[in-house]
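Asker: can you look at this prediction? I've put the sequence above it.
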Amino acid sequence: MQNETNDFYCDFVLNNKVQVLKEVETENVLAFHHTKPSWTTHIVIVPKAHISELAAVTDMNIIGEIFEVIQQLVLKYELNRKNFRIVTNGGDFQDSKHLHFHLLSGEAVHRVAP
């Protein structure tokens, strides 16, 4: 899906143009199930304010709040007793130019191209 700002989260998710299954929402952070998951558990965590990338963070409190939300999810789904990883991308690896983290667990989901 192409958009003018290349920010799927601001343009679509945070503007309610795409419905998502929300997990946790605070004043500053939203966690929701990925719209095209690549793992059996694939949750995206984003700051509600636009921050283009990790290098652009000016207030580290938002990183703390993001990780508090991630911890809630890890405990809720007992991922600490299973498997999980937390991933963020930057530079050319970052498709949407909005800071976001992926909480991944379970098995990789293999999609077949149409």
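Answerer: It's in. Numbers count the residues shown, from 1 in each chain.

Asker: what does stretch 80-96 contact?
Answerer: Contact partners of stretch 80-96, identified using Cβ atoms under 8 Å, 6 or more residues apart in numbering, comprise 6-9, 41, 53-55, 70, 74, 99-106. Where C-beta positions appear, they are placed from N, C-alpha and C, glycine not excepted.

Asker: cool, and stretch 31-45?
Answerer: With Cβ under 8 Å, 6+ apart as the test, stretch 31-45 has contacts from 13, 18, 20-25, 29-30, 46, 66, 69-70, 73, 77, 79, 84, 100-109, 111.

Asker: mind checking which of the contacts of stretch 80-96 are buried?
Answerer: With burial judged by 16 or more other Cβ atoms under 10 Å, the buried subset of the contacts of stretch 80-96 is 7-9, 41, 70, 74, 99-105.

Asker: among these, which are located in helices?
Answerer: 8, 70, 74 (DSSP state H).

Asker: isn't the last one up against residue 103?
Answerer: To tie it back to what came earlier, the one meant is residue 74. Yes: assessed by Cβ atoms under 8 Å, residue 74 is found in contact with residue 103 at 7.4 Å.

Asker: what residues are up against residue 29?
Answerer: By Cβ under 8 Å, 6+ apart, the residues touching residue 29 are 45, 46, 47, 48, 62, 65, 66, 69.

Asker: does the fifth one sit in a helix, a strand or a coil?
Answerer: Pointing back at residue 62 there. The three-state label given to residue 62 by DSSP: H, G, I helix; E, B strand; the rest coil is helix.

Asker: sounds good, over and out.
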